[in-house]
Every structure is written in structure tokens, then in C-alpha cells.
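Asker: Please work out how this folds:
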Amino acid sequence: MKTTTKMSSTTANPTSNFIITFRIINKNFENALKDKTTPEFKSLSDQVIKALADAYSCSTCSLRSSYEGSEVLLFRQGSVITETKSTFNSDSSVDQGTVEQQFTAAIKNGTINKLQVKDIEVHEIKPSTTTTTTTSQAPIVPGWGIALLVLVCIILLLIIIIILLIIIYLCRRRNHGKFEMFGSRGSYYPMADRSDYPQYMTHSRFIAPNGKQNSYNQVSGNGTNMYSYTNHAAESDNL
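Answerer: Predicted coordinates:
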């Protein structure tokens, strides 16, 4: 699943912010002014904000329509050095020189809202563009796409199995060899010609020891050996 990051730039209402720093010489710095939650800080902060409003939002002030407000950022030691931020609607008439000039003009005899002010410095904060990053998800893979992917995987698996079986079969066939059913080795031959094989004899003749005549050689009255025996079955062709 892929995610695409879409960058979109949104610009808030154009404003101009100015850091206005000055010294209050009729106040003494104390440690309580370091903490924004103390009554001392809140009291002096309200007095400073009222002085800035008198300088920029009075009925005869040229920046009245552009002034949006001020806040005290900090107090630090040096009599009481005050650092504030004042905000104006952006237009062609609001710039660093105009803001400083307007504040200086509002000070009468060095005093504004019972604060003796000197060493005024104004610095503009350039407007910033807020970039919002939004993440949008790409479309999810449909169900049929997942089913097709699974089917392709199954088919590939079957093909691999078939190829393996074929390889195994060929290897076994090569190693096992062939069986010769009708080969000549060890074959049976019928006794086509009995003359090539010796006949089985059921009797034999031998010479008796000490020169004595073998009784088997004696001839009977009919002219044949009385103890001789002939195997007529061996002489027959019907084995």
C-alpha cells in the first residue's frame, strides 16, 4: 500500500509584526518582573500595553485601522528595559519607519501613560507562511486483484512441482537402466540335437581286481550278459 504526501500551503491573514523595545526610566527593576505570573509583572505589563494602544489606536492615529494589539514579551534589568511585540494588518502604509515614528510622536515630554520612555527601537518580523502537510492514502488494492495474485502464485507453485517430478523421474531412469527380457544371456535352448549331448547310462563295466572275471561280463545262455540291463527309455526319442 502506497501513501502519497501532498504538500499544501495556506497563508493566514497577512499581518506585520514589530518588536518594539524601549527603556522605562521611572521604574526600578525587581526580580518579580522576571515571572509573568506575578502581580508586579501583570501590573507593569498592563501599563505598557495601554501606552502602546494610546500611540497606535487613538482617534487621530494614522495606524488606527491597522493596529491589532500588543503584548509584553519580557522585562529585563537596566532601569526597566521592555520588549514588546505589536501586530498590524499588512498594507502599504505599515512599515518599520512608520511604526517607530508613530510611537515617538505619541510621547509627550518623554512620557506616555505615566511612563518615562527613551531609547526606542523598532524591528520588523517578516511574515511567515504556514505550510500544512496532509497525507492521503492511495486506493487500496481491490479484492479481485488479491485473488488474481493468489491464483498466479498457486500456478507457479504447481509448475515448479511438476518440473521437479520430471527431473526426479529422468534421474531415476538414467541410474536404474533397462531390463532385457528377450536377451540372449542365460536363455534356455531346447535339445534339438541329442547327438551333441552324452546319453545317460544306467550301467557300466569294470575289470575285477586280481584278474578275476567280472561276473557282470558273463554271458547267459541266450548269448547275453545275465546281469546286463539296457535302459530302453534312453534310446527312445520320446523323452
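Asker: Identify the residues contacting Phe22.
Answerer: By CB atoms under 8 Å, 6 or more residues apart in numbering, the contact set of Phe22 is 81-82, 117-121. Glycine gets a C-beta too; all of them are placed from N, C-alpha and C.
Asker: 10 Å instead, please
Answerer: 48, 51-52, 80-84, 103-104, 107, 112, 115, 117-122 (CB atoms under 10 Å, 6 or more residues apart in numbering).
Asker: Okay, and the nearest residue to Ala106 once chain neighbours are set aside sits in which element?
Answerer: In space, not counting the residues next to it along the chain, Ala106 is nearest to Ala55; the distance is 3.5 Å by CB to CB, 6 or more residues apart in numbering. Element membership of Ala55, judged by DSSP states H and E, is helix 39-56.
Asker: Could you pull up the mean pLDDT of that helix?
Answerer: Per-residue pLDDT values over helix 39-56 give a mean of 94.
Asker: What is that helix packed up against?
Answerer: Helix 39-56 makes packing contacts with strand 15-24, strand 67-77, strand 80-89, helix 96-106, strand 111-112, strand 115-125 when contacts are defined by 3 or more CB pairs under 10 Å, 6 or more residues apart in numbering; DSSP states H and E.
Asker: Which elements pack onto the shortest one?
Answerer: Right, strand 111-112. helix 39-56, helix 96-106.
Asker: Where does Arg64 sit: helix, strand or coil?
Answerer: Going by DSSP: H, G, I helix; E, B strand; the rest coil, the secondary structure assigned to Arg64 is coil.
Asker: burial of it, as a residue count?
Answerer: The tally of other residues near Arg64 (other CB atoms under 10 Å) stands at 12.
Asker: got the phi/psi numbers for the residue lying closest to it once chain neighbours are set aside?
Answerer: Among residues not flanking Arg64 along the chain, Ser57 sits closest, at 5.2 Å (CB to CB, 6+ apart). Per-residue torsions, Ser57: phi -120, psi 20 (degrees, to the nearest 10).
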